[in-house]
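> take a look and give me a structure for this.
(one chain, ligands or ions: 1)
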Amino acid sequence: MWGRDDVDAGKKYAADVKSLLDFATSGQIAAFIAESIQGVGGCVVFSDGYLKHVYEYVRGAGGLCIADEVQSGFGRTGTHYWGFETQGVIPDIVTMAKGIGNGCPLGAVVTTPKIAQALAQRTHFNTFGGNPVVCAQGRAVLEVIDREKLQGNALKIGNKILASLSGLKEKHKLIGDVRGKGLMLGIELVKDRQSKEPAKEECAQILETCKEMGLLLGKGGLWGQTIRFSPPMCVNEQDADFLLDVLDSAFSA
Ligand SMILES: Cc1ncc(COP(=O)(O)O)c(C=O)c1O
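Alright, predicted model coming up:
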């Protein structure tokens, strides 16, 4: 609704949450949860200041702030290890998975001792919880992320891809927006740049065409109009060039 050139966009979007709190709740809430960058929602990067204002409102209503870092965590944004850091906030609870295990089934929740205490006298268990083999894998993954400087790689390769995607946007009018941080990137397809009408069928077709050329891509957005990339954080320049060449050919076709 508000463009990226609007410096107050974060504040204006957060006002929507304030209005929900004021008019659709008792005024006291348990918690607010958000991905730090929305993944399946279409790689939506919040405007600067959005979470800062939202957290203020939520805490004002007695709520806890939860960051879902399942997709955006572990260095993927390139500039920061956690997505919430890109918004300058500190959550009360952080949920994490995917990147923590590099494919092995592992998820974790991190919180303060005070909040964790609430569960100390309760029974909470699941079949695979605390699996030692998977935890060992997770530890190894964290070491590799640091040792191989994969956060820096996410920044370098992500910036290269994003810059080239901006070039593709100049060339192909089906591309309405390119966005993201590090190796969490998206291309939103529109039938018309003014009306921003979602180009759902065209998006599905581009994915098929890319698949035929050996490139598997994800899709998201409310109307399935956004191509999403969250590739392995070890992708290199050649992988990026391949991705960009295939995309350019698919859009041209
Ligand atoms: C951002 C995000 N949060 C949460 C989940 C669910 O995670 P889990 O399958 O570990 O419950 C997913 C799963 O795809 C996700 O993408």
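> next to the ligand, which bits of the stretch 1-150 of the chain? Give me the list.
Residues of the stretch 1-150 of the chain that fall close to the ligand, judged by Cβ under 6 Å from any ligand atom: E35, G39, D68, V70, Q71, A97, G107. In short, each C-beta sits where N, CA and C put it, glycine included.
> the fifth one is in contact with T95, isn't it?
No - in terms of Cβ atoms under 8 Å, Q71 does not count as a neighbour of T95; the distance is 10.8 Å.
> of those two, which one has the most company?
Ranked by neighbour count (other Cβ atoms under 10 Å), Q71 and T95 place Q71 first, with 22 against 18.
> now do stretch 226-241, average pLDDT.
The average pLDDT within stretch 226-241 is 97.
> tell me the buried residues in that stretch?
Neighbour-count burial for stretch 226-241 flags T226, I227, R228, F229, S230, P231, M233, V235, A240 (criterion: 16 or more other Cβ atoms under 10 Å).
> tabulate those residues (CSV), appending secondary structure and distance to the ligand.
Below are the buried residues of stretch 226-241 laid out as CSV (DSSP: H, G, I helix; E, B strand; the rest coil; distance: Cβ to the nearest ligand atom, whole Å):
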residue, secondary structure, distance to the ligand
T226, strand, 14
I227, strand, 16
R228, strand, 11
F229, strand, 14
S230, coil, 9
P231, coil, 15
M233, coil, 16
V235, coil, 19
A240, helix, 23
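> state the pair within the residues you listed that is farthest apart.
Taking Cβ to Cβ, the two most distant members of the buried residues of stretch 226-241 are T226 and M233; they sit 20.8 Å apart.
> L51 against Q87, yeah?
Yes - L51 lies in contact with Q87 (Cβ under 8 Å); the separation is 3.9 Å.
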